[in-house]
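> Could you work out the structure for the sequence below:
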Amino acid sequence: MVSPANYSRPPSGAKRACQPLGLTVAAITAIVSLAACGSTPAASGAPSSASPAAAAAPARTTAATAPAATAPATAPGSTRGTPASAAPAACAARDLRMATSGFYNGAGGFTGGIVLLVNKGTHACVLDGYPGLELLTSGGKVITNAARRCAYLQCPTTATRIVLSAGHVAHFEYVWLDNPQMPRQRTCPQSRTALVTPPGAYDHQAIPLLIAPCGIPPVLGVGTVQAGSGPGKS
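Okay, here's the model as predicted:
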(Lines give C-alpha, C1' and ligand atoms only; values in the text may rest on other atoms or scores of the structure.)
Protein backbone atom coordinates (compact mmCIF):
# COMPACT_ATOMS: atom_id res chain seq x y z
CA MET A 1 0.00 0.00 0.00
CA VAL A 2 1.35 3.34 -0.84
CA SER A 3 1.44 5.78 1.88
CA PRO A 4 -0.60 8.81 1.43
CA ALA A 5 2.37 10.80 2.27
CA ASN A 6 4.38 9.20 -0.54
CA TYR A 7 1.57 9.41 -3.11
CA SER A 8 2.36 12.10 -5.56
CA ARG A 9 -0.99 13.37 -7.09
CA PRO A 10 -0.65 14.92 -10.44
CA PRO A 11 -1.83 18.40 -10.75
CA SER A 12 -5.54 18.24 -10.48
CA GLY A 13 -6.04 21.07 -12.87
CA ALA A 14 -4.57 19.14 -15.82
CA LYS A 15 -6.60 15.96 -15.02
CA ARG A 16 -9.83 17.86 -14.80
CA ALA A 17 -9.13 19.76 -17.98
CA CYS A 18 -8.46 16.52 -19.92
CA GLN A 19 -11.26 14.40 -18.52
CA PRO A 20 -14.08 16.80 -19.02
CA LEU A 21 -12.81 17.42 -22.58
CA GLY A 22 -12.92 13.70 -23.32
CA LEU A 23 -16.44 13.41 -21.96
CA THR A 24 -17.60 16.43 -23.95
CA VAL A 25 -16.21 15.06 -27.21
CA ALA A 26 -17.87 11.72 -26.59
CA ALA A 27 -21.16 13.37 -25.80
CA ILE A 28 -20.97 15.59 -28.88
CA THR A 29 -20.06 12.59 -31.01
CA ALA A 30 -23.05 10.68 -29.68
CA ILE A 31 -25.38 13.63 -30.23
CA VAL A 32 -24.11 14.15 -33.76
CA SER A 33 -24.51 10.45 -34.49
CA LEU A 34 -28.05 10.45 -33.12
CA ALA A 35 -28.86 13.61 -35.11
CA ALA A 36 -27.49 12.02 -38.24
CA CYS A 37 -29.51 8.86 -37.62
CA GLY A 38 -32.65 10.90 -36.91
CA SER A 39 -32.29 13.06 -40.02
CA THR A 40 -31.67 10.14 -42.37
CA PRO A 41 -35.28 8.79 -42.26
CA ALA A 42 -36.62 12.33 -42.72
CA ALA A 43 -34.45 12.81 -45.80
CA SER A 44 -35.28 9.39 -47.19
CA GLY A 45 -38.96 9.89 -46.38
CA ALA A 46 -39.26 13.12 -48.40
CA PRO A 47 -39.25 11.39 -51.80
CA SER A 48 -41.81 8.82 -50.64
CA SER A 49 -44.19 11.59 -49.46
CA ALA A 50 -43.78 13.47 -52.76
CA SER A 51 -44.42 10.31 -54.78
CA PRO A 52 -48.14 9.91 -53.84
CA ALA A 53 -48.75 13.58 -54.67
CA ALA A 54 -47.15 13.15 -58.07
CA ALA A 55 -49.12 9.95 -58.68
CA ALA A 56 -52.40 11.56 -57.62
CA ALA A 57 -52.09 14.51 -60.02
CA PRO A 58 -52.96 12.54 -63.22
CA ALA A 59 -55.92 10.89 -61.43
CA ARG A 60 -57.42 14.27 -60.57
CA THR A 61 -56.97 15.44 -64.17
CA THR A 62 -58.70 12.32 -65.59
CA ALA A 63 -61.65 12.53 -63.16
CA ALA A 64 -62.27 16.20 -63.93
CA THR A 65 -62.16 15.68 -67.71
CA ALA A 66 -64.60 12.74 -68.00
CA PRO A 67 -67.81 14.40 -66.68
CA ALA A 68 -67.13 17.61 -68.65
CA ALA A 69 -67.16 15.64 -71.92
CA THR A 70 -70.37 13.67 -71.28
CA ALA A 71 -72.68 15.94 -69.21
CA PRO A 72 -73.56 18.62 -71.80
CA ALA A 73 -74.13 16.07 -74.59
CA THR A 74 -77.60 14.93 -73.39
CA ALA A 75 -79.20 18.36 -72.78
CA PRO A 76 -79.48 19.52 -76.41
CA GLY A 77 -80.93 16.15 -77.45
CA SER A 78 -83.77 16.31 -74.92
CA THR A 79 -84.54 19.92 -75.89
CA ARG A 80 -84.74 19.06 -79.59
CA GLY A 81 -87.06 16.16 -78.84
CA THR A 82 -89.64 18.24 -76.92
CA PRO A 83 -91.33 20.03 -79.85
CA ALA A 84 -91.77 16.75 -81.76
CA SER A 85 -93.80 15.25 -78.91
CA ALA A 86 -95.88 18.40 -78.25
CA ALA A 87 -99.56 18.46 -79.28
CA PRO A 88 -100.44 20.46 -82.43
CA ALA A 89 -101.44 24.08 -81.85
CA ALA A 90 -104.64 25.69 -83.05
CA CYS A 91 -104.60 26.75 -86.69
CA ALA A 92 -103.98 30.44 -87.25
CA ALA A 93 -105.28 32.25 -90.32
CA ARG A 94 -101.74 32.49 -91.66
CA ASP A 95 -101.50 28.67 -91.60
CA LEU A 96 -104.46 28.26 -93.96
CA ARG A 97 -105.39 28.89 -97.56
CA MET A 98 -109.06 29.90 -97.73
CA ALA A 99 -111.54 29.98 -100.61
CA THR A 100 -115.29 29.78 -101.21
CA SER A 101 -116.73 26.70 -102.85
CA GLY A 102 -120.02 27.68 -104.51
CA PHE A 103 -123.55 28.09 -103.12
CA TYR A 104 -126.57 25.89 -102.57
CA ASN A 105 -130.28 26.58 -102.11
CA GLY A 106 -131.46 26.37 -98.54
CA ALA A 107 -134.92 26.25 -97.01
CA GLY A 108 -137.26 29.11 -96.12
CA GLY A 109 -135.67 31.73 -98.32
CA PHE A 110 -132.11 30.98 -97.21
CA THR A 111 -129.05 30.27 -99.35
CA GLY A 112 -125.92 28.49 -98.18
CA GLY A 113 -122.26 28.37 -99.09
CA ILE A 114 -119.03 26.64 -98.12
CA VAL A 115 -115.58 28.00 -97.20
CA LEU A 116 -112.60 25.67 -97.64
CA LEU A 117 -109.67 25.74 -95.21
CA VAL A 118 -106.47 24.11 -96.49
CA ASN A 119 -103.40 23.66 -94.28
CA LYS A 120 -100.62 25.29 -96.33
CA GLY A 121 -97.96 24.82 -93.65
CA THR A 122 -95.58 21.94 -92.94
CA HIS A 123 -97.02 20.89 -89.57
CA ALA A 124 -100.45 19.76 -88.45
CA CYS A 125 -102.71 22.21 -86.64
CA VAL A 126 -106.09 21.95 -84.90
CA LEU A 127 -109.53 23.29 -85.91
CA ASP A 128 -112.21 22.91 -83.27
CA GLY A 129 -115.50 24.82 -83.09
CA TYR A 130 -117.04 27.83 -84.78
CA PRO A 131 -115.12 30.16 -87.10
CA GLY A 132 -115.67 33.90 -87.30
CA LEU A 133 -117.21 35.37 -90.46
CA GLU A 134 -117.60 39.12 -90.99
CA LEU A 135 -118.97 40.70 -94.17
CA LEU A 136 -117.68 44.03 -95.53
CA THR A 137 -118.94 46.29 -98.31
CA SER A 138 -116.70 47.43 -101.15
CA GLY A 139 -115.94 50.52 -99.07
CA GLY A 140 -114.85 48.41 -96.06
CA LYS A 141 -117.98 49.03 -93.99
CA VAL A 142 -119.11 46.14 -91.78
CA ILE A 143 -122.44 44.65 -92.86
CA THR A 144 -122.78 41.97 -90.20
CA ASN A 145 -121.01 39.30 -88.16
CA ALA A 146 -122.23 35.75 -88.57
CA ALA A 147 -124.14 34.20 -85.69
CA ARG A 148 -123.08 30.79 -84.39
CA ARG A 149 -126.17 29.07 -85.75
CA CYS A 150 -127.92 28.56 -89.04
CA ALA A 151 -131.64 28.90 -89.69
CA TYR A 152 -133.55 25.61 -89.85
CA LEU A 153 -130.41 23.82 -88.57
CA GLN A 154 -128.90 23.88 -92.04
CA CYS A 155 -125.33 23.96 -90.66
CA PRO A 156 -123.51 21.51 -88.36
CA THR A 157 -123.60 22.64 -84.74
CA THR A 158 -121.48 19.91 -83.11
CA ALA A 159 -117.86 20.88 -82.52
CA THR A 160 -115.44 18.28 -83.86
CA ARG A 161 -111.74 18.48 -83.08
CA ILE A 162 -109.90 18.19 -86.39
CA VAL A 163 -106.14 17.68 -86.54
CA LEU A 164 -105.49 19.11 -89.98
CA SER A 165 -102.34 17.68 -91.51
CA ALA A 166 -100.25 19.63 -94.01
CA GLY A 167 -102.03 19.81 -97.37
CA HIS A 168 -105.36 18.54 -96.00
CA VAL A 169 -108.68 20.36 -96.19
CA ALA A 170 -111.54 21.20 -93.83
CA HIS A 171 -114.60 23.38 -94.34
CA PHE A 172 -117.46 25.23 -92.73
CA GLU A 173 -120.91 26.17 -94.02
CA TYR A 174 -122.62 29.53 -93.81
CA VAL A 175 -126.24 30.47 -94.54
CA TRP A 176 -127.86 33.87 -95.16
CA LEU A 177 -131.36 35.16 -95.74
CA ASP A 178 -131.70 36.19 -99.39
CA ASN A 179 -135.27 37.63 -99.45
CA PRO A 180 -135.80 41.32 -98.65
CA GLN A 181 -138.07 41.94 -95.68
CA MET A 182 -140.89 43.87 -97.33
CA PRO A 183 -142.18 46.51 -96.93
CA ARG A 184 -139.40 47.89 -94.75
CA GLN A 185 -136.62 46.45 -96.89
CA ARG A 186 -136.56 46.50 -100.66
CA THR A 187 -132.86 45.85 -101.23
CA CYS A 188 -130.20 44.06 -99.22
CA PRO A 189 -126.61 45.24 -98.64
CA GLN A 190 -124.08 43.70 -101.01
CA SER A 191 -120.84 42.31 -99.58
CA ARG A 192 -117.51 42.42 -101.33
CA THR A 193 -115.19 40.79 -98.82
CA ALA A 194 -115.41 38.36 -95.92
CA LEU A 195 -113.00 38.25 -92.98
CA VAL A 196 -112.58 34.66 -91.81
CA THR A 197 -111.17 33.86 -88.36
CA PRO A 198 -110.33 30.20 -87.57
CA PRO A 199 -111.71 28.78 -84.30
CA GLY A 200 -109.68 29.95 -81.32
CA ALA A 201 -107.47 32.22 -83.45
CA TYR A 202 -106.91 35.97 -83.17
CA ASP A 203 -105.93 36.72 -86.75
CA HIS A 204 -108.15 36.64 -89.84
CA GLN A 205 -107.90 36.35 -93.58
CA ALA A 206 -109.81 38.34 -96.19
CA ILE A 207 -111.42 36.42 -99.04
CA PRO A 208 -113.73 37.64 -101.86
CA LEU A 209 -117.39 36.90 -101.09
CA LEU A 210 -120.27 38.49 -103.06
CA ILE A 211 -123.55 37.91 -101.25
CA ALA A 212 -126.43 40.13 -100.14
CA PRO A 213 -127.78 39.08 -96.75
CA CYS A 214 -131.25 40.41 -96.03
CA GLY A 215 -133.04 41.11 -92.81
CA ILE A 216 -133.05 43.93 -90.29
CA PRO A 217 -130.35 43.43 -89.18
CA PRO A 218 -128.93 41.20 -91.97
CA VAL A 219 -129.24 37.49 -91.15
CA LEU A 220 -126.08 35.38 -91.49
CA GLY A 221 -125.05 32.24 -89.66
CA VAL A 222 -122.16 29.74 -89.64
CA GLY A 223 -121.71 26.14 -88.57
CA THR A 224 -118.79 24.39 -86.92
CA VAL A 225 -115.70 23.40 -88.88
CA GLN A 226 -115.89 19.87 -90.33
CA ALA A 227 -113.36 17.62 -92.04
CA GLY A 228 -113.23 17.29 -95.81
CA SER A 229 -114.41 19.52 -98.62
CA GLY A 230 -118.09 19.69 -97.71
CA PRO A 231 -121.33 17.70 -97.97
CA GLY A 232 -121.05 15.01 -100.61
CA LYS A 233 -117.33 15.71 -101.15
CA SER A 234 -114.16 14.06 -99.81
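> how about the helices in this protein?
12-85 (DSSP state H).
> pLDDT weak spots in it?
Applying pLDDT under 70 to the chain flags residues 1-85, 232-234.
> and it, what are its domains?
11-86, 93-227 (automatic domain parsing).
> Pull the contacting residues for the closest residue to residue 163 other than its chain neighbours.
Nearest non-adjacent residue to residue 163, counting by C-beta to C-beta, 6 or more residues apart in numbering: residue 124, 5.3 Å away. C-beta: built from backbone N, CA, C; applies to glycine. By C-beta atoms under 8 Å, 6 or more residues apart in numbering, the contact list for residue 124 reads 88, 163, 164, 165, 166.
> Ok, residue 197 next?
Per C-beta under 8 Å, 6+ apart, neighbours of residue 197: 93, 131, 132, 133, 134, 203, 204.
> next one: residue 177
109, 110, 151, 213, 214, 215, 218, 219, 220.
> So what's the residue count around the closest residue to it other than its chain neighbours?
With C-beta to C-beta, 6+ apart as the criterion, residue 177 has its nearest non-adjacent residue at 3.9 Å, and that residue is residue 219. Neighbour count of residue 219, defined by other C-beta atoms under 10 Å: 22.
> pretty sure residue 219 contacts residue 176?
Yes - using C-beta atoms under 8 Å, residue 219 is in contact with residue 176, at 6.2 Å.
> Overlap in contacts, those two.
Both residue 219 and residue 176 are in contact with residue 213, where contact means C-beta under 8 Å, 6+ apart.
> So what sits opposite the residue nearest to residue 140 when sequence neighbours are not counted in the bridge?
Nearest non-adjacent residue to residue 140, counting by C-beta to C-beta, 6+ apart: residue 193, 7.9 Å away. Beta-bridge pairing for residue 193 (DSSP bridges): residue 136, residue 208.
> Residue 193: how many residues sit nearby?
Around residue 193 there are 16 residues (other C-beta under 10 Å).
> Same check on residue 191?
For residue 191, using other C-beta under 10 Å, the count is 24.
> ok, it to residue 212 distance?
7 Å (C-beta to C-beta, to the nearest Å).
> contacting residues around residue 113?
By C-beta under 8 Å, 6+ apart, the contact list for residue 113 reads 100, 101, 102, 103, 104, 173, 174, 175, 209, 211.
> With residue 175 instead?
Residue 175 neighbours (C-beta under 8 Å, 6+ apart): 106, 110, 111, 112, 113, 150, 151, 154, 155, 220, 221, 222.
> Who is the residue nearest to residue 170 when sequence neighbours are not counted paired with across the strands?
Excluding the flanking residues, the one nearest residue 170 by C-beta to C-beta, 6+ apart is residue 117, at 4.7 Å. Judged by DSSP bridges, the bridge partners of residue 117 are residue 98, residue 170.
> What number of neighbouring residues does residue 117 come out with?
The burial count for residue 117: 26, using other C-beta under 10 Å.
> so it touches residue 225, yeah?
Yes - the pair residue 117 / residue 225 is scored as a contact, 6.9 Å apart, by C-beta under 8 Å.
> How about the contacts made by residue 158?
Applying C-beta under 8 Å, 6+ apart, the residues contacting residue 158 are residue 224.
> Quick check: the gap between it and residue 226.
Taken as C-beta to C-beta, the span from residue 158 to residue 226 is 9 Å.
> Identify the contacts common to those two.
Joint contacts of residue 158 and residue 226 (C-beta under 8 Å, 6+ apart) do not exist.
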